[in-house]
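> The sequence and its predicted three-dimensional model are supplied below.
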Amino acid sequence: MVKNNNYSAKDIEILEGLEPVRKRPGMYIGGTDETAFHHLATEIIDNSMDEVTAGYAKNIYVKLNKDKSLTVTDDGRGIPLDKHPKKNKTALEIVMTTLHSGGKFKEGTYSTSAGLHGVGLSVVNALSEKLKIEVFKNSTIFEQNYSKGKPLNKLTKKGKSKIKNGTQVTFIPDKEVFGKELNFVPNRLYNLCKSKAYLVKGITIHWECDRSLINRKDDTPNSAKLFFPDGIVEYLDSETKNFTKINDKTCHHKNNFDDDKGKFEFAIQWHNEISEFKISFCNSVLTTNGGTHEQGFKSGVAKSIRKIAKFKNNKLVASASADEILSNASYIVSVFINNPEFEGQTKSRLSSAYIQKYCDASIAKSVENWFNQHPKASNSILTFIEGKIRERNLLDQNLDVGRQSATRKIRLPGKLADCTSSKVEGTELFIVEGDSAGGSAKQARDRNFQAILPLRGKILNVKNSNTAKILANTEISNLLQALGCQRREKYIDKDLRYEKVIIMTDADVDGDHIASLLLTFFFCEMPNLIKNGHLYLAVPPLYKLTISNQIYYVRNDIEKDKLLKNLKKGSKIEISRFKGLGEMMALQLKETTMDINTRSLIRVTVPTSDYKKTNKLISNIMGKNADLRLKFIEENAPKVKNIDL
């Protein structure tokens with residue numbers, strides 16, 4: 001880089017119009033990645049949502065076209081087309097090409113809106129390779145085309161429209177800004193539309209997507225009419241349908257804030273499972289990082305429940321924290337307020353200070369009233385929260401386990417054959433079934449870095465059990481002690497005592513069942529252990545084939561049949577099936593399954609994008625609902641070609 005020692009006025013660059021957006025897109029949409037790419041769609045849809053919440057529109061049409069462009073249409077008022085009194089341009093061209101312009105600054109035009117900075121439509125225009133805007137006025141179409149923020153033609157009349165009044169925007173994000181690889185993801189757009197439709201009762205969002213853009217494995221519909229009369233209650237029910245709920249009633253209320261400060265609505269449900277579904281909205285915008293409205297909601301809920309618990313002499317819940325009260329709850333909170341303040345253009349967090357106080361007071365009163373009106377549900381929720389707090393206290397007392405050191409001696413399971421290494425790096429814990437397999441594994445291991453933990457029989461199915469039952473289970477208690485990293489929200493990755501945790505079970509049906517139970521345990525109780533790449537499956541052989549004095553180990557019937565098929569005629573064959581790892585000689589187990597130079601391992605991963613699907617699958621297969629399990633078996637049984645009986 002050449003230094004410029006002559007720094008003068010000519011070095012000062014002035015960016016005009018929409019140049020700042022193209023020069024620094026991150027300042028306006030948070031970057032140029034997939035999230036920022038889809039934020040462009042959010043901006044346009046939010047403009048249509050503002051027309052809905054203002055009472056001027058009832059329908060929004062979102063269509064992902066074959067050429068990968070996106071079209072968003074509403075039946076609102078339509079952007080004004082007359083000349084602006086201060087500029088020699090139409091109002092349409094001003095909002096398309098000028099930052100901080102629009103109808104949301106002037107009081108009375110919109111009571112509440114998502115677009116407050118006046119940059120949404122102009123930013124999308126600036127970052128689009130092509131953009132066509134059509135405004136419908138009294139069933140007449142007025143059209144103008146843009147490219148990279150600049151108009152390509154004057155506003156022209158284009159005939160009649162089916163919609164009397166409204167706005168339609170069709171655009172393709174600019175590949176010069178976002179690269180050639182990014183495209184709109186149908187499922188992501190569909191879920192965005194779905195969440196918007198839940199938020200406002202009476203709105204209908206018409207979703208359409210060209211079939212060629214939907215992956216075969218994707219269950220996104222190519223067309224759908226999204227209309228939800230029960231609003232966020234229906235939304236919450238759809239997200240918690242696979243959870244074991246404490247009661248059938250959802251705590252729900254909506255009302256206006258005092259002092260005419262806007263309105264609020266919330267829905268909350270408690271269940272056995274720890275939930276990540278805790279979301280908040282402001283003026284229909286998803287605030288992914290929460291903010292003052294969500295803080296007020298949480299403190300209001302906690303305050304009301306503590307008050308009710310104190311009245312019922314439940315001392316434990318009466319002194320509980322908001323996190324303890326809400327850890328096993330899913331909720332949606334939505335507010336509509338005037339002139340909200342967000343952190344950044346992407347609006348991921350609400351920062352309006354006053355709204356926290358209003359949410360706290362209003363929601364505390366609403367929750368208290370709901371609990372008083374539903375005494376049976378109230379008692380079950382208080383009892384449930386008390387039980388969860390006691391379980392966590394038990395966990396804190398009994399499972400504070402770390403690696404043994406000179407200054408701290410810990411209690412480890414008696415059956416654990418630990419490794420001698422004092423470091424975590426390079427160490428491995430093999431979880432095996434039974435003492436017989438444990439004995440063979442202990443002889444086959446390299447004791448410098450390989451530890452063995454035998455488990456007795458099939459471990460508890462944690463998907464069917466509460467925390468107290470899980471912690472009381474001896475095998476799970478031994479496993480938790482051996483790992484040392486605690487579980488659920490208490491999980492600490494740096495306290496994990498081994499770099500690799502390897503599930504090593506027999507290569508048969510029983511072994512697969514035990515492996516499934518262990519995978520369920522890790523997915524439900526230690527998801528971050530999987531996420532951080534610590535969990536593996538060993539791949540032991542099922543058969544030993546001796547062919548003309550040459551020994552082969554194969555993992556399944558398919559490999560065995562393939563090997564036999566390629567044999568020369570007259571070959572002498574001896575086939576042995578291993579009954580289990582305990583039947584294998586230590587040298588065989590070492591060579592095939594444990595030696596780092598000759599073994600195969602399968603790393604267990606759950607992509608973030610597939611987490612919900614995986615959670616649903618595990619709930620269906622391992623949960624208490626037998627009907628869901630039967631349905632899965634009936635749907636997938638025809639796909640199974642080889643059954644090991």
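Received the coordinates, thanks. Worth saying up front: this structure is predicted, and the values here are computed from it rather than measured.

> which element is the closest residue to residue 321 other than its chain neighbours on?
What sits nearest to residue 321 in space, not counting adjacent residues and going by C-beta to C-beta, 6 or more residues apart in numbering, is residue 302, at 7.1 Å. Bear in mind the C-beta positions are built from the backbone N, C-alpha and C, glycine included. Residue 302 is part of helix 292-311, with elements assigned from DSSP states H and E.

> Report the rounded mean pLDDT for that helix.
Averaging pLDDT along helix 292-311 gives 94.

> and what of stretch 633-645?
Per-residue scores along stretch 633-645 average to 64.

> Buried residues in the lowest-mean-pLDDT helix or strand in the chain, which are they?
Scoring the helices and strands of the chain by mean pLDDT, DSSP states H and E places helix 467-472 at the bottom, with a mean of 75. Within helix 467-472, the residues scored as buried using 16 or more other C-beta atoms under 10 Å are 467, 470-471.

> what do you get for stretch 435-454?
For stretch 435-454, the neighbour count (16+ other C-beta under 10 Å) marks 437-442, 444-445, 449-454 as buried.

> List of residues touching the longest strand seen in the chain?
Across the chain, the longest stretch assigned as strand under DSSP state E is strand 128-137. Strand 128-137 has contacts (C-beta atoms under 8 Å, 6 or more residues apart in numbering) with 40, 69, 78-79, 81, 92, 96, 124-125, 141-149, 158, 161, 163-176.

> Can you add distance to residue 614 and give the buried residues of helix 467-472 back as a markdown table?
Below are the buried residues of helix 467-472 laid out as a markdown table (distance: C-beta to C-beta, whole Å):
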| residue | distance to residue 614 |
| --- | --- |
| 467 | 21 |
| 470 | 20 |
| 471 | 24 |
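
> and which of the buried residues of stretch 435-454 is nearest residue 609?
For the buried residues of stretch 435-454, the minimum distance to residue 609 (C-beta to C-beta) is 32.6 Å, reached by residue 453.

> still on that earlier bit, which elements pack onto the helix holding residue 302?
Helices and strands touching helix 292-311, by 3 or more C-beta pairs under 8 Å, 6 or more residues apart in numbering; DSSP states H and E, are strand 263-270, strand 278-282, helix 315-318, helix 322-326, strand 329-336, helix 354-373, helix 375-398.

> Narrow the contacts of strand 128-137 to those in strands?
Among these, the ones falling in strands (DSSP E) are 141-147, 158, 166-173.

> Check these for the minimum pLDDT and say which it is.
Among the ones in strands among the contacts of strand 128-137, residue 158 has the lowest pLDDT, at 90.

> give the contact list for it.
134, 141-143.

> Try it again at 6 Å.
Residue 158 makes contacts with 141, 143, as judged by C-beta atoms under 6 Å, 6 or more residues apart in numbering.

> I'd like to know how far it sits from residue 79.
15 Å (C-beta to C-beta, to the nearest Å).

> Next up, the contacts around residue 125.
Contact analysis of residue 125 by C-beta under 6 Å, 6+ apart lists 96, 131, 146, 149.

> Need the pLDDT of the first one.
In this case it means residue 96. pLDDT recorded at residue 96 is 89.

> pLDDT score assigned to the closest residue in space to it that isn't next to it in sequence?
Of all residues not flanking residue 96 in the chain, residue 125 sits nearest, at 5.1 Å (C-beta to C-beta, 6+ apart). Residue 125 carries a pLDDT score of 92 in this model.

> hmm, which of the contacts of strand 128-137 are the buried ones?
Buried members of these, counted by 16+ other C-beta under 10 Å: 40, 69, 78-79, 92, 96, 124-125, 141-142, 144-146, 148-149, 161, 163, 165-174.

> Surely residue 538 and residue 594 touch.
No. Applying C-beta atoms under 6 Å, one finds residue 538 not in contact with residue 594, separated by 7.6 Å.

> Run through the protein and note the low-pLDDT ranges.
For the chain, the stretches with pLDDT under 70 are 1-17, 84-87, 100-119, 344-346, 394-412, 414, 570, 639-645.

> give the contact list for the closest residue in space to residue 623 that isn't next to it in sequence.
Closest residue to residue 623 apart from its sequence neighbours, by C-beta to C-beta, 6+ apart: residue 463 at 5.2 Å. For residue 463, the contacting residues are 520, 622-623, by C-beta under 6 Å, 6+ apart.

> And residue 166, by the same measure?
For residue 166, the contact set (C-beta under 6 Å, 6+ apart) comprises 74-76, 78, 136.

> let's go with 7 Å and repeat that
Contact partners of residue 166, counting by C-beta atoms under 7 Å, 6 or more residues apart in numbering, are 73-76, 78, 136.
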